[in-house]
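Q: Sequence below, structure please.
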Amino acid sequence: MSRVPLGVSQKELYVAARRVLLDAGEALAAQRDALILVGAQAVYLRSGDADIPVARYTADADIGIDRAKLSADPKLLMRVSNIRAVSASFARLLQHEDRRIAGTAAIGLELLANQFGRGRGVGVAMATRTLAGALPPETIEALATAFTRGLPSQARE
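A: Numbering: from 1, shown residues only. Here you go, the predicted model:
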């Protein structure tokens, strides 16, 4: 992120960014061995007080995936997120007092619904290609659309 959003302190941004990163790690716990945390913060921590012309802290991070270490169980891959927990998080975000946060959550839900909420969605097609031979296309479609139906209804209205 190039700048702190209006009305948000730098400290609040760092706390929120780390919370999101920890939540992602928790949600992907079943695949932890395949995850690689990548981000500028790691460079800063390793470089100490070196004179580098960049900010000392960052609110972004990336998670790389070592495909060789991914679980071979495609059903585990598709069940890695608890629908109740995801739904509760989205419901909380949709009701957030900060309209920017609520609006971003609504956009995310709409994208999920469009890509995974119907059998011919782009996300379902991608999952079908990725899991080709491991699961029948009908099973992938059923799992993806069922997951999406379990999310708050604002995504489908």
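Q: residues in contact with the residue nearest the centre of the chain?
A: Centroid check for the chain by C-alpha atoms, centre = their mean gives residue 24 as the closest residue, at 6.2 Å. Going by C-beta atoms under 8 Å, 6 or more residues apart in numbering, residue 24 touches residue 63. Heads up, the C-betas are built off the backbone N, CA and C, glycines and all.
Q: Okay, and residue 112 sits in which element?
A: Residue 112 belongs to helix 99-116 when assigned by DSSP states H and E.
Q: Could you tell me which other helices and strands that helix packs against?
A: In this structure, helix 99-116 packs against helix 83-94, helix 122-130, helix 137-149, with contacts taken as 3 or more C-beta pairs under 8 Å, 6 or more residues apart in numbering; DSSP states H and E.
Q: contacts for it?
A: 5, 90, 93-96, 121-124, 127, 144-145, 147-148, 151-152, 154-156.
Q: In PyMOL, select just the buried ones from those residues.
A: Typed into PyMOL, the next command selects the buried ones out of the contacts of helix 99-116 (criterion: 16 or more other C-beta atoms under 10 Å):
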select buried, resi 90+93+94+121+123+124+127+144+145+147+148+151+152+155
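Q: mean confidence for stretch 63-77?
A: Computed over stretch 63-77, the mean pLDDT rounds to 69.
Q: coming back round to it: list the buried ones in the helix holding residue 112?
A: For helix 99-116, the buried set under the neighbour-count rule, 16+ other C-beta under 10 Å, comprises 102, 105, 106, 109, 112, 113, 115, 116.
Q: pull the helix or strand with minimum mean pLDDT from this structure.
A: Sorting the helices and strands of the chain by mean pLDDT, DSSP states H and E puts helix 74-78 at the bottom, at a mean of 57.
Q: where's stretch 85-98 relative to the chain centroid, distance-wise?
A: Offset of stretch 85-98 from its chain centre (C-alpha atoms, centre = their mean, to the nearest Å): 14 Å.
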